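Novice: have a look at this prediction, sequence included:
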Protein chains: 2
Amino acid sequence: MARRPTTHDPFNAVAEPKRRMILEVMGSTERSVNELVVLLDWPQPMVSKHLGVLKKVELVKEHRQGRQRLYRVNMEKLKPIHEWVTPFEKYWSESYERLDEVLEILKKKEK
Amino acid sequence: MARRPTTHDPFNAVAEPKRRMILEVMGSTERSVNELVVLLDWPQPMVSKHLGVLKKVELVKEHRQGRQRLYRVNMEKLKPIHEWVTPFEKYWSESYERLDEVLEILKKKEK
DNA sequence: TCATTATATACCCATATGGGAATATGTCAA
DNA sequence: TTGACATATTCCCATATGGGTATATAATGA
């Protein structure tokens, strides 16, 4: 089996920095493709293609309006990423690092 | 340019579910390769190869001890992922969704 | 030295990638 | 109908992937 496609899930879709930038730039605002092209200063096909990936994993919702297509971030689909990474957060503090050392020392003393 | 290598950064490394599982299983505990092989019930080369990727992006630290190699999660490298996804969190609550609708209605009324 | 244990590496292959350029589709307005 | 605008799609290619199997490296103990 090869690497899983970028369209397989949000984790893969978001591994590409350009797609993260799109989500950042959009924020909570609905944007047309052209607005994004201007804001990001990328070629239009590039924006469309990345939006296509984001749409397939439902990280963005598309809404047609005349000849424009308006996109907005679907925050729900970012939840799993947040929920996966958050449990590790409790080990980040320096105090925890020190606690860890203390426990190691105590372990050795027990012997 | 092709897709960026899995070893390019933690975002790419963690896009693979098996590598996320390794980090979950390790938690805050130092583990030898064989312990992981037993805990995960995967072929040993598979574990080693995924650990190799995680090591290259420094998501794990390696510590040799006799013929064993002990690995532990390097929580620091997970921070950027947490920090990237967290700002979107404020838009997750239902109340915000409703607020958004209210604002849309107000906008229409202005016209 | 040799056998054993612990781990890493090499080889194979089908598959998707992202960028660029060109072109297609779709929708409006006159 | 025709042209202009907005967006999507197609074609190209070098490159890395993850799984499986086999083998290499490294460290230990007898």
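Specialist: That came in fine, so what should we check first? Since the structure is predicted, the reported quantities are computational estimates derived from the model, not experimental observations. Residues are numbered from 1 along each chain as shown, chains lettered A, B, ... in the order given.

Novice: and for the spatially most central residue of chain A, nearest residue in space, chain neighbours not counted?
Specialist: Computing the C-alpha centroid of chain A and ranking residues by CA atoms, centre = their mean puts residue A:14 first, at 4.4 Å. Closest residue in space to residue A:14, ignoring its immediate chain neighbours: residue A:20 at 5.8 Å, by CB to CB, 6 or more residues apart in numbering or on different chains. To be clear about C-beta, it is placed using only N, CA and C from the backbone, and glycine gets the same treatment.

Novice: is it true that the one you found touches residue B:83?
Specialist: No - judged on CB atoms under 8 Å, residue A:20 makes no contact with residue B:83 at a distance of 11.7 Å.

Novice: more crowded one of those two?
Specialist: Taking other CB atoms under 10 Å in any protein chain shown, residue A:20 and residue B:83 do not tie; residue A:20 has more neighbours (15 against 10).

Novice: the host helix or strand of that one vs DNA strand C: in contact?
Specialist: Using DSSP states H and E, residue A:20 sits in helix A:17-26. Yes - using CB under 7 Å from any atom of the strand, helix A:17-26 reaches DNA strand C at residue A:18.

Novice: buried residues in that helix?
Specialist: Counting neighbours by 16 or more other CB atoms under 10 Å in any protein chain shown, one finds that the buried residues in helix A:17-26 are A:19, A:22-23, A:26.

Novice: same question for stretch A:64-80.
Specialist: Judged by neighbour count using 16+ other CB under 10 Å, the buried positions of stretch A:64-80 are A:69-75, A:77-78.

Novice: now residue A:57, nearest residue through space, not along the chain?
Specialist: Nearest to residue A:57 is residue A:13, by CB to CB, 6+ apart, at 4.6 Å.

Novice: show me where chain A has its helices.
Specialist: Counting by DSSP state H, the segments of chain A that form helices are A:10-13, A:17-26, A:33-40, A:44-56, A:79-85, A:94-110.

Novice: ok, now which ones touch residue A:54?
Specialist: With contact set as CB atoms under 8 Å, 6 or more residues apart in numbering or on different chains, residue A:54 has these partners: A:13, A:19, A:22-23, A:60, A:71.

Novice: what pLDDT does it get?
Specialist: In this model, residue A:54 is scored at 98, pLDDT.

Novice: straight-line length of stretch A:11-24, end to end?
Specialist: 16 Å (CA to CA, to the nearest Å).

Novice: residue ranges in chain A under the pLDDT threshold?
Specialist: Under the criterion pLDDT under 70, the flagged ranges of chain A are A:93-111.

Novice: and it, which of its residues are near chain B?
Specialist: A:3-4, A:6, A:11-12, A:14-17, A:20, A:23, A:28, A:73, A:75-76, A:78-79, A:81-82, A:84-86, A:88-89, A:91-92, A:100 (CB under 8 Å from any CB of the partner chain).

Novice: change it to 6 Å
Specialist: A:11-12, A:15, A:28, A:75, A:78, A:81-82, A:85, A:88, A:91-92 (CB under 6 Å from any CB of the partner chain).
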